[in-house]
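**Student:** have a look; sequence and predicted model below, questions after that.
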Amino acid sequence: MDMENYLNKNIKEIINQFPKIADILNEYDIACAPCNVGTCLLKDVVEVHNLSAEAEHELLKKIATIIFSGKSVEIPKIKRKVAHAAGQIKYSPPIKKLVDEHVFIKKLLAAIPVMLESIDVSHAEDKQIILDSIDFIRSYADKYHHAKEEALLFKKFEDIEIIKAMLEEHDIGRGHVKAVIEAVEKKDNQKIIERLTAYRELLKDHIKKEDDLLYPWLDKNLSVSEIGELFTKFSGIDKQYEAASQKYEGFANKIEEKIQNKEVLQND
Ligand SMILES: [Fe+2]
Ligand SMILES: [Fe+2]
């Protein structure tokens, strides 16, 4: 097996076989070891991080040293479909819409720890705030936002392992949400805390990956006509969900405000 073979292997397999590679990736801010999915191919992971040619070569050399125990091997250059400039990210208009939606989702995620601090769903008010948050997650984060990603944007890159991993994270998130709803019915506060916290961790990382890495990379790999088509389709969805999205964005703003004023869940 040469280095090229390893580039086409999935990251979890490589890290399992050579745990030190996780530390090397970390040096380059590539945090693959804690990933929930781990099916991304090494070459895609490196490509999406958009390192300079020198840094990429240096990183692959370090990885090769571990894999081939110091034996000198040829370091391939990863083929990039499109190179993109590092530095300030400039999103295309349809991708910018998704980034803007993340802002509201992040407001809810930020509120979760305070919300859970003294949660007791046998109190009607506590129960309501959990149910309202779940409603936001299902209707806004999932149906509205993830629908744009799943049905339109990610559809164009379906055969890429990174996209499959992102879709799997959406599914893991749905699993957490389902478990929270069941726990509310059973008044199981501990389970609510566990699964809502897990959801928050998952989605926080997921959104960061999309904003910082995946979206800029997808953007550069979309043609002008594809960007136009996405914009038209996203605008159609926005129109269809106009009233609902305004309501949920208002909810996220309100919950952010409440958290800042520490008004959430003050039962004694
Ligand atoms: Fe996503
Ligand atoms: Fe997203």
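**Tutor:** Arrived safely. Ligands and ions are numbered 1, 2, ... in the order given.
**Student:** give me the pLDDT for the closest residue to I112 other than its chain neighbours.
**Tutor:** Using CB to CB, 6 or more residues apart in numbering and skipping residues adjacent in sequence, the residue nearest I112 is R200, 4.6 Å away. All C-beta spots, glycine's among them, are computed from the backbone N, C-alpha and C. The model reports R200 with a pLDDT of 98.
**Student:** ditto for the one 4 residues further on
**Tutor:** Taken from the predicted model, the pLDDT recorded for K204 is 96.
**Student:** contacts only, for it.
**Tutor:** When the contact criterion is CB atoms under 8 Å, 6 or more residues apart in numbering, the partners of K204 are 106, 109.
**Student:** what strand or helix carries it?
**Tutor:** Counting by DSSP states H and E, the element that carries K204 is helix 189-209.
**Student:** can I assume the residue nearest to I112 is in contact with L109?
**Tutor:** Yes. R200 lies in contact with L109 (CB atoms under 8 Å); the separation is 4.9 Å.
**Student:** measure the most centrally placed residue in the chain to A244 for me?
**Tutor:** What sits nearest the mean C-alpha location of the chain, by CA atoms, centre = their mean, is H206, with 1.5 Å. Applying CB to CB, to the nearest Å, one obtains 22 Å for the distance of H206 from A244.
**Student:** and what of L153?
**Tutor:** Spatial separation of L153 from A244 under the definition CB to CB is 20 Å.
**Student:** and the two? which has more neighbours close in?
**Tutor:** L153 (23 against 13; other CB atoms under 10 Å).
**Student:** check contacts around the more buried one.
**Tutor:** For L153, the contacting residues are 94-95, 98, 218, 230, by CB under 8 Å, 6+ apart.
**Student:** out of those, which comes closest to K71?
**Tutor:** Within these, proximity to K71 (CB to CB) peaks at L218, which comes in at 36.6 Å.
**Student:** wait, the closest one touches I95, no?
**Tutor:** Yes. Here L218 lies in contact with I95, judged by CB under 8 Å, at a distance of 7.1 Å.
**Student:** low-confidence ranges, this protein, go.
**Tutor:** Of all residues in the chain, those with pLDDT under 70 make up the ranges 81-87, 263-268.
**Student:** what are the boundaries of the strands in it?
**Tutor:** Assigned by DSSP state E, the strands in the chain number zero.
**Student:** can you pull the domain assignment for it?
**Tutor:** Under the assignment automatic domain parsing, the domains of the chain span 3-67, 93-260.
**Student:** turn those into CSV, including distance to E74.
**Tutor:** Putting the domains of the chain into CSV (distance: least, CB to CB, whole Å) gives the following:
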stretch, distance to E74
domain 3-67, 7
domain 93-260, 24
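**Student:** out of these, flag the one nearest P76.
**Tutor:** Minimum separation from P76 across the domains of the chain (CB to CB) falls at domain 3-67, 5.4 Å.
**Student:** now the end-to-end length of that closest one.
**Tutor:** Separation of the first and last residues of domain 3-67 by CA to CA, to the nearest Å is 9 Å.
**Student:** what's the answer for stretch 36-51, then?
**Tutor:** Note: stretch 36-51 ends 23 Å apart using CA to CA.
**Student:** please shift the residue numbers so they start at 439 in all later answers.
**Tutor:** Done: numbering now begins at 439, and the last item shifts to stretch 474-489.
**Student:** for it, buried residues please.
**Tutor:** Residues of stretch 474-489 classed as buried under the neighbour-count rule (16 or more other CB atoms under 10 Å) are 475-476, 478-489.
**Student:** ok, and what's touching it?
**Tutor:** The set of residues that contact stretch 474-489 without belonging to it, under CB under 8 Å, 6+ apart, is 444-450, 452-453, 463, 466-468, 470, 494, 497-498, 501, 516, 518, 521-522, 524, 598-600, 602-603, 606-607, 610, 640, 651-652, 654-655.
**Student:** ditto for stretch 670-680
**Tutor:** Taking CB under 8 Å, 6+ apart as the rule, stretch 670-680 contacts 532, 535, 582, 585-586, 590, 683.
**Student:** swap the cut-off to 7 Å and go again
**Tutor:** In this structure, residues lying in contact with stretch 670-680 by CB atoms under 7 Å, 6 or more residues apart in numbering are 532, 535, 582, 586, 590, 683.
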